[in-house]
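Novice: return a 3D structure for these sequence lines:
(2 chains)
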Amino acid sequence: MGGFLTQLLHVALMLAAAPLLVGVVRWLKSRLLGRRGAHPMQPWRDLLKLLRKRPVLADGASLISRAAPYLALGATLLAAALVPSFAFGMALAPMADLLLIGGLLALARVALALNGHDAGTPFGGLGAAREMTFAVFAEPALLVCVMVFAVLIGSTNLNAIGHGLADGQMGWRVSLLFALVALTAVALAENARVPVDNPATHLELTMVHEAMLLEASGRHLALWEMQAALKLLVWLGLLAALFLPFGTAAPGSGPFAWVLGLLLWVAKIGLLALALAVFESAIAKMRVLRVPEFLGAALMLALLAAALIFVSTGLA
Amino acid sequence: MLTLLGVSFVALLALSALGASGRAPRLMFLGSAAAISGLGLVGFLGLPATSLGFGPPWAPAQIAVDALGGWFLIILALVAVPSCLFAAASPPPPRAEGAAFPLFLAGMALTLIAADGFTLLLGFEVMSLASWSLIAARHAAGVGRRAARLYLAFAAFSGICLIGAVALLAGSGLGFAAMRGAPPEGWRAAGVLVLVLLGAGSKAGLVPFHVWLPLAHPAAATPVSALMSGAMVKIALYMMIRLLFDLGGASQPAWWGLPLIALGVVTALIGALRANLERDTKSILACSTLENMGLMTAALGLALVYRGADLLPLASVALAAALLHALNHAGFKTLLFLCMGAVYSLAGSRDPDRLGGLIHRMPWVAGCAMLGALSAAALPPLSGFASEWLLLQALIQGFRVSDMSVQLIAAVSLAVVGMAMGLAAAAMVRLVGLVFLGRPRMPRGAGAPDASGLMRAALLLPAGLTLLLGPLAAVALGGLDGPIRQVLGAQAAAPRFGLELALGDGGSRYMPGLVALLLLLVIGAVFWLVRRRSPLAPSHGPAWDCGFMPPPPHLPFGDPLSQVSAQGLAQPIRRSLGHLAIAPREALVSQPPGAAAPATLRVGGRDRGLTRFLYPLARACRALAREAELLRGLSLRFYLSLTFGTLILLLALVAVLERG
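Specialist: Down below sits the predicted model:
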């Protein structure tokens, strides 16, 4: 019963917090750049405004343009439901396999790329090709990081991993640091952040994510914006669950532990958002053709983490 | 059962004669479908070992349909029935093709039901020759004929290697039971491994013997391409399992798996990479077959490693990954080939740069192709994800082998497999995006009709199979208990728990049915919530396209040059990874400022397998022939001394052999 309740609360929290997170990151970046910045609630207001508008479909668009946003948001929401926030042991916890989460995010990515192709505009196709190319490098890094955790905990289930790490039997390991760097790079690429892509730019030749959404409008655009926000929250939540699993309520605990877990989760996500804003303000976007090198370095770090963990578990 | 089997085979032979006569081609294909579904039924029910009354006197032919053979027989039937229906819906084939088509099916089935080495090789060779004649029948000359010749050379090579492997295994008799009783040891075992890898590997398209596959598979007629990519490569997989696991004995060392893993992951990477670079819809699919065969071979290698390391549950996970992926791949690859065949016959092209926007004209074909493509891209909850989830789990669990070199190999293989899966997804998005989405690139595509009648039924059969195999992956895994027990021993079982795919108690789990259900639920809820707040129906307008100017009226589908092309879509991958698979060639002709002529960029490339392996081999052959030719110009003295020297050498050899 507690599992169902936490699951419902978790999904509601994810839906409410995702646009807010985007607003907070934007606001932090503005402050860091010396501007006042829009209110953190602005993404929510934009979403509600977009929902009221009549969507306009491009002439060449097919059913894909109308169905893909729902598919992508549904897949991302299901992934978000699997990544624990304030409590472990939610109703869907047995499903929370890291490979499945990766697969659901890949489903959302493919829906996005198909949406880019749908209208037959040059920018859409270009963005789709780039997005799928980045995934070619991001996916192996993610998989090898999953393997690192599987070696430590013996399972690829996110709850088991978070629980095992929170117990503190593992201690700090250098390989976890490497895995953290690798996963952060993957997260930046998957969420189209600087240095891979700039979420604020609409300069045609440099963009990736926005290029696939150029023809979306009205509620379709709102769905895509929500999906992007939710994906950012999933990745930050994933980093928090894997590397900062402390304080999350254990399965079967009561509302007090939930509140404590919630406060800590907000603090963790806030910290990660601040780190993201500082990082994005401090660094320049790289050339598109350099991105494979950036993600290749992440893959190498992940492999190094795996090798280190084999050595250390072999000696232990 | 034996009667059904016999009737099916006799029917296939009779249909071959009918096909050769060129009369009633539709009847011939429908009859083949019936006969092969009879064989599939035999595969489902099984057949104990039976000795037939004919064959060579020292080894009478034996047949049996055990769990392993039955699994592949079912796969064969599932590929063959829709292919036959599609062929029946196509224009009548040339007579040679009509004769070879049933023989091709019969050859594949004979390989699977064989219970002795001779029948096994007979079936394999019939399959190879029939498939060659199916390609050659369509191409009297030109590129297709050259592809057929290349294929014939590789088929002959693979046959020779497999004959050698069977000869090494058949120390005490040609029957499978006799071979199992005396598993090979020492150098004979190593020889079997090498010969099977060369023989079955070149049929399966493993690197570096992959160059023929992307040329030969697309050169045949569509149903034959589907059969070659969906079923024939699986026969090669079956040969590997039968010869290495079953007949090779259970006590082979763990390192046996390492060459399979290495070849498998490299093939997967090269295949997926090339699928992103091709400019022909059927070649893209053939390259994707390379990728999938690589994944299955790597899974087999893992199973060998785990079996050698006494990790039986993990061995069954890896073997289940290979066998389940064989079934899933058969489903979605047949579907995709038939869809692309329908596009070819209805919209008139296999070049993606002449297609586009077909979803508006061919919704049935587009829907089926998208289902197949998403499944091939290994996306949950579709069928491809279930088997690749098992493979990834098997790779991740590689750390349980105590040998650190194996652990590192598993980690690197995991990275390469991940990359191959990402590339496969990119290739499938590219294929679907170019062919079905966007705007038409040629008027022919803008007026194409949808598939109807028998052709639509041929598409819907594998589509339904693919759709079912996704959420019901655990049910399909249940059918794998038999083959896994047969190969790995009675304690092994398929890695499943009810309707879940599970790695033992407390291990990782994947619940495909639940994921599908939840996904539908979530999408439904999102749709309901959004549409309640946003009820306005969408309107249509010209594409925004960042303010790009609207096309002139004589271009009703917009400027075709402003839509991304096949090469354009391949560009990021070609520039970052392309050199791994192909030796790229780029020719840029730039114009001086002010010139009216267009600047051109031509990109192309040859497969590394050709430039690094086949061409040097051919050159070496020619050089050797030239050297040998020099012999003809020698004087009589040299001839006599050569003859004398050979005689001495032979006598010395005899003396050495006599002593030893």
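
Novice: for the residue in the stretch 451-600 of chain B that chain A sits nearest to, what are its contacts?
Specialist: The nearest approach of the stretch 451-600 of chain B to chain A comes at residue B:564, 3.0 Å away (CB to the nearest CB). (Glycine included, C-beta is placed from N, CA and C.) Shown in contact with residue B:564 (CB atoms under 8 Å, 6 or more residues apart in numbering or on different chains): A:122, A:124-126, A:129, B:438.

Novice: quick one: the helices in the stretch 101-250 of chain A?
Specialist: Using DSSP state H, counting those that start in this stretch, the helices of the stretch 101-250 of chain A run over A:122-153, A:158-166, A:174-190, A:218-243.

Novice: and residue B:11, how far from chain A?
Specialist: 43 Å (CB to the nearest CB, to the nearest Å).

Novice: contacting residues for that residue?
Specialist: Contacts for residue B:11 were tallied using CB under 8 Å, 6+ apart; they are B:31, B:34-35, B:38.

Novice: rerun that using 6 Å as the cut-off
Specialist: Contact partners of residue B:11, counting by CB atoms under 6 Å, 6 or more residues apart in numbering or on different chains, are residue B:35.

Novice: how about residue B:193?
Specialist: Contacts of residue B:193 were listed using CB under 6 Å, 6+ apart, and they are residue B:256.

Novice: just the one 4 residues further on next, same as before
Specialist: For residue B:197, no residue meets the contact criterion (CB under 6 Å, 6+ apart).

Novice: list the buried residues of the helix or strand where it lies.
Specialist: Assigning secondary structure by DSSP states H and E places residue B:197 in helix B:186-204. Along helix B:186-204, these residues count as buried under the neighbour rule (16 or more other CB atoms under 10 Å in any protein chain shown): B:189, B:191-204.

Novice: and the next element down the chain from that helix?
Specialist: The C-terminal neighbour of helix B:186-204 among helices and strands, as given by DSSP H and E, is helix B:213-219.

Novice: need the contact partners of that following helix.
Specialist: Under the criterion CB under 6 Å, 6+ apart, external residues in contact with helix B:213-219 comprise B:135, B:144, B:147, B:151, B:205, B:225, B:228-229, B:282-283, B:286-287, B:290.

Novice: and for stretch A:133-150?
Specialist: Applying CB under 6 Å, 6+ apart, the external contacts of stretch A:133-150 come out as A:98, A:102, A:109, A:156, A:161, A:175, A:179, A:182-183, A:186, A:189-190, A:291-292, A:295-296, A:298-299, A:302-303, A:305-306, A:309, B:396, B:411, B:414-415, B:418-419, B:422-423, B:572-573.

Novice: so, low pLDDT: which residues of the chain?
Specialist: As the question left the chain open, I've gone with chain A. Scanning chain A for pLDDT under 70 picks out the ranges A:168-172, A:202-206, A:315-316.

Novice: the chain in question should be chain B.
Specialist: Along chain B, the parts satisfying pLDDT under 70 run over B:505, B:660.

Novice: mind listing the strands for the stretch 1-150 of chain B?
Specialist: Secondary structure of the stretch 1-150 of chain B (DSSP state E, counting those that start in this stretch): strands at B:47-51, B:62-65.

Novice: can you list the strands that the first one pairs with?
Specialist: Its sheet considered, strand B:47-51 pairs with strand B:62-65 (antiparallel) by DSSP bridges.

Novice: give me the contacts around the strand it pairs with.
Specialist: Contacts with strand B:62-65, where a contact means CB under 6 Å, 6+ apart, come from B:42-43, B:46-47, B:49-51, B:113, B:115-116, B:175.

Novice: what of stretch A:286-304?
Specialist: When contacts are defined by CB under 6 Å, 6+ apart, stretch A:286-304 is touched by residues A:134, A:137-138, A:140-141, A:144-145, A:178, A:181-182, A:185-186, A:189, A:195-196, B:576.

Novice: quick one: buried residues of that stretch?
Specialist: When burial is assessed from 16+ other CB under 10 Å, stretch A:286-304 yields the following buried residues: A:288, A:291-292, A:294-296, A:298-299, A:301-304.

Novice: ok, residue 232 - contacts?
Specialist: Using chain A. Contacts here follow CB under 6 Å, 6+ apart; on that basis residue A:232 touches residue A:191.

Novice: and the gap between it and residue A:284?
Specialist: In this view, residue A:232 and residue A:284 are 20 Å apart by CB to CB, to the nearest Å.

Novice: which secondary structure element is home to residue B:338?
Specialist: According to DSSP H and E, residue B:338 maps onto helix B:312-347.

Novice: let me know whether that helix sits next to chain A.
Specialist: No: Helix B:312-347 lies apart from chain A when judged by CB under 6 Å from any CB of the partner chain; the minimum separation is 12.5 Å.

Novice: how about the residues of the stretch 101-250 of chain A near chain B?
Specialist: Taking CB under 6 Å from any CB as the contact definition, the stretch 101-250 of chain A meets chain B at A:103, A:106-107, A:110, A:113, A:117-122, A:125, A:129-130, A:132-133, A:135-136, A:139-140, A:143-144, A:147, A:150-151, A:155-157, A:204, A:215, A:219.

Novice: middle-most residue in chain A, spatially?
Specialist: The structure's chain A has its C-alpha centroid closest to residue A:235; by CA atoms, centre = their mean the separation is 2.7 Å.

Novice: so who does that one touch?
Specialist: Applying CB under 6 Å, 6+ apart, we find residue A:235 in contact with A:187, A:191.

Novice: ok, now with 7 Å
Specialist: When contacts are counted by CB atoms under 7 Å, 6 or more residues apart in numbering or on different chains, residue A:235 is found next to A:187, A:190-191.

Novice: what of residue B:124?
Specialist: Under the criterion of CB under 7 Å, 6+ apart, the contact list for residue B:124 reads B:111, B:159, B:162.

Novice: go with 6 Å
Specialist: With the criterion set at CB under 6 Å, 6+ apart, residue B:124 makes contact with residue B:111.

Novice: distance check, it against residue B:479.
Specialist: Taking CB to CB, one finds residue B:124 at 25 Å from residue B:479.

Novice: measure the nearest residue to residue B:244 once chain neighbours are set aside to chain A for me?
Specialist: If you skip the residues right next to it in sequence, residue B:244 has residue B:196 as its closest partner in space, 5.7 Å away by CB to CB, 6 or more residues apart in numbering or on different chains. As judged by CB to the nearest CB, residue B:196 and chain A stand 29 Å apart.
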